[in-house]
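*Asks:* requesting a structural model of the entry that follows:
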Amino acid sequence: MNDNLRIRNIKNERKYLFIYNLIALAAVLAAVYLFFPGASEIHGRYSAITIIADGLMTLFFMGVLEKYAILVSGGSLYEKFVITLLAAVYSAIIMCLVNLVFFRSGRELEIDMTAAAVSVAGVFITDILMDNFFGSKYYRKQRVLIISYDERNFLRMKRAKYGVLHNCDAWYETIQGIDAEGMRRFIDKNFPLYDAICIFDDLEDEEYHMAISAALDMNKDLYIVPKLIDVGRSNSRIAIFDDIITFYTPKRGLNNVELFIKRAIDIAASLVGLIVSAIPMAIIALLIKTTSPGPVFYKQTRLTKGKREFEIYKFRTMVQDAEKLSGPKFAEKHDPRITPVGRVIRAFRLDELPQFINILKGDMSLVGPRPERPVFVRQFEKEIAEYDLRFEMKAGLTSLSHVHGRYSTYIYDRTYYDLYYIMNYSLLLDIQIIFLTAKTMLIMSQSEGEDSFKKKTVARADAKGGKGIET
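*Replies:* As a prediction, this is how the structure comes out:
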């Protein structure tokens, strides 16, 4: 590998992507206003204002969908296209409502639809050009060293490695059995070879601080998998005690106003969701009934706020009595219990649609930690410190772990997401998670198991000529 090449900088790439997307939107929307027949004559300057508003909203929604966030994983052209398409659709819906209320003009509606279409095309062209430029022979990927203490974390490290192959060349090492002197030799030998260091949460305190200090001293990019106690401090703010700086962490929990607003949104969203999804749900029910014996719906005991038990509703995706022989277990890749129709609706998360009923009943919320089965909860409580904290909020139809993880995401990492959500709860975070859920449903890799995810990621990286440090 040529060390003289410029190193890709994910942070700067996101900035450049935002700037060029903004330029592309301005250019294509200006073209719509200037060259669309009669556009500049419709409602005079108000037509120009609506086109500008359309572009700004599209840019805003792309930000909400995390197109410009510093995410090391993801960032494929397909994901960027999905984000751009959804942003344009959200923006077009709002502009159509504005047209309906203020203009009631069929011509204005044509302009809105044209603006949405050319926005997607213009932005995606810049995405392709940017992706090819930073993936060209003039740049090399950032080399990342992933460090964990325990060899039992091997599978998590492997997921981290293959999850970032689109943007990074990654390698992983375990330091189990290494003392402080051995850790110093490990750092001196390995850290200079890499551009960034990723430190897992299982390192002992001494090695943990040595690794962080060394990475900072060498001016490396640093990624830290947080310990659970660090997740709990993620919403800390600066507070001054006289002339002493402190970090203030508010107590957990929603106040009465937040509880009222969240419940009101849950009721409204579940009613609208049941109405909008009525026809798709009827089609899914028909497919399940005609392709496999057994009931259409599947009920299972789960736990929600305060560990209260309730019956969750889902479309049946497995054969009838799937756990009669195997007992309680998570679904696996190529699980023979999953029916052909079930495999499709699980890929798009459509098996969760009946849970709008659970939300309406008050058992669940639209957003919150995903509900777990009692048998697994008893197991996780023994293995994961502070796991109980996730039951301080109602279980949710979607969650932070739902939009950033996959069905096969490890329970430790799902718990981190849940605790981060609880500690940082806000109505705006709920709204962002709802928007991100639509993106998740359209990105198939987020419903895959580890093996298929790894194979596809490696194949994409190899196709672009980046095989990574490990092959």
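*Asks:* off-centre distance for stretch 223-236?
*Replies:* Relative to its chain's centre, stretch 223-236 lies at 18 Å (C-alpha atoms, centre = their mean, to the nearest Å).
*Asks:* C-alpha coordinates for that stretch, PDB please?
*Replies:* Only the C-alpha atoms of stretch 223-236 are listed here, as PDB (Å, rounded to 0.1, in the frame of the first residue of the first chain):
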ATOM      1  CA  TYR A 223     -12.800   5.800  18.600                       C
ATOM      2  CA  ILE A 224     -13.900   4.500  22.000                       C
ATOM      3  CA  VAL A 225     -16.600   1.900  22.600                       C
ATOM      4  CA  PRO A 226     -18.100   3.300  25.800                       C
ATOM      5  CA  LYS A 227     -18.500   1.400  29.000                       C
ATOM      6  CA  LEU A 228     -22.000   1.400  30.400                       C
ATOM      7  CA  ILE A 229     -21.200   4.000  33.000                       C
ATOM      8  CA  ASP A 230     -19.900   6.300  30.300                       C
ATOM      9  CA  VAL A 231     -23.200   5.900  28.400                       C
ATOM     10  CA  GLY A 232     -24.900   7.100  31.500                       C
ATOM     11  CA  ARG A 233     -22.800  10.300  31.500                       C
ATOM     12  CA  SER A 234     -23.400  11.000  27.800                       C
ATOM     13  CA  ASN A 235     -25.800  13.800  28.500                       C
ATOM     14  CA  SER A 236     -23.600  15.600  31.000                       C
END
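*Asks:* could you count how many residues lie near Ala278?
*Replies:* Ala278: 11 surrounding residues under other C-beta atoms under 10 Å. Placement of C-beta: from N, CA and C, glycine included.
*Asks:* so for it, what's the pLDDT?
*Replies:* Per-residue pLDDT puts Ala278 at 94.
*Asks:* check the one 5 residues further on too.
*Replies:* The model reports Ile283 with a pLDDT of 95.
*Asks:* same thing with Ser105?
*Replies:* At Ser105, the model reports a pLDDT of 69.
*Asks:* so Phe61 touches Leu86, yeah?
*Replies:* Yes: in this structure Phe61 lies within contact range of Leu86 using C-beta atoms under 8 Å: 7.1 Å.
*Asks:* any residues in contact with both of the two?
*Replies:* Phe435 (C-beta atoms under 8 Å, 6 or more residues apart in numbering).
*Asks:* buried ones in stretch 189-203?
*Replies:* If you call a residue buried by 16 or more other C-beta atoms under 10 Å, then stretch 189-203 has these buried ones: 190-191, 194-203.
*Asks:* what's the closest of these to Ala214?
*Replies:* Phe191 (5.8 Å; C-beta to C-beta).
*Asks:* secondary structure element holding Val272?
*Replies:* Taking DSSP states H and E as the criterion, Val272 maps to helix 256-276.
*Asks:* all strands of the stretch 101-250 of the chain, in order?
*Replies:* 139-140, 142-148, 168-174, 196-199, 221-224, 237-241, 244-248 (DSSP state E, counting those that start in this stretch).
*Asks:* below-threshold pLDDT in the stretch 1-150 of the chain: ranges please.
*Replies:* Applying pLDDT under 70 to the stretch 1-150 of the chain flags residues 1-3, 36-47, 74, 105.
*Asks:* all helices of it, in order?
*Replies:* Secondary structure of the stretch 1-150 of the chain (DSSP state H, counting those that start in this stretch): helices at 10-35, 45-64, 77-98, 106-134.
*Asks:* do you know which of the ones you listed lies nearest Tyr425?
*Replies:* helix 45-64 (17.2 Å).
*Asks:* in that closest one, which residues are buried?
*Replies:* In helix 45-64, counting by 16+ other C-beta under 10 Å, buried: 47-48, 50-51, 54-55, 57-59, 61-64.
*Asks:* helices and strands around that helix, which ones?
*Replies:* Secondary-structure packing of helix 45-64 (3 or more C-beta pairs under 8 Å, 6 or more residues apart in numbering; DSSP states H and E): helix 10-35, helix 77-98, helix 106-134, helix 427-442.
*Asks:* kindly recompute the last result at 6 Å.
*Replies:* On a contact count with 3 or more C-beta pairs under 6 Å, 6 or more residues apart in numbering; DSSP states H and E, helix 45-64 meets helix 10-35, helix 77-98, helix 106-134.
*Asks:* give me the helices and strands touching the second one, please.
*Replies:* When you say that, I think you mean helix 77-98. helix 45-64, helix 106-134, helix 427-442.
*Asks:* now do the last one: distance to the chain's middle.
*Replies:* If I follow you right, that is helix 427-442. The answer for helix 427-442 is 8 Å, by C-alpha atoms, centre = their mean.
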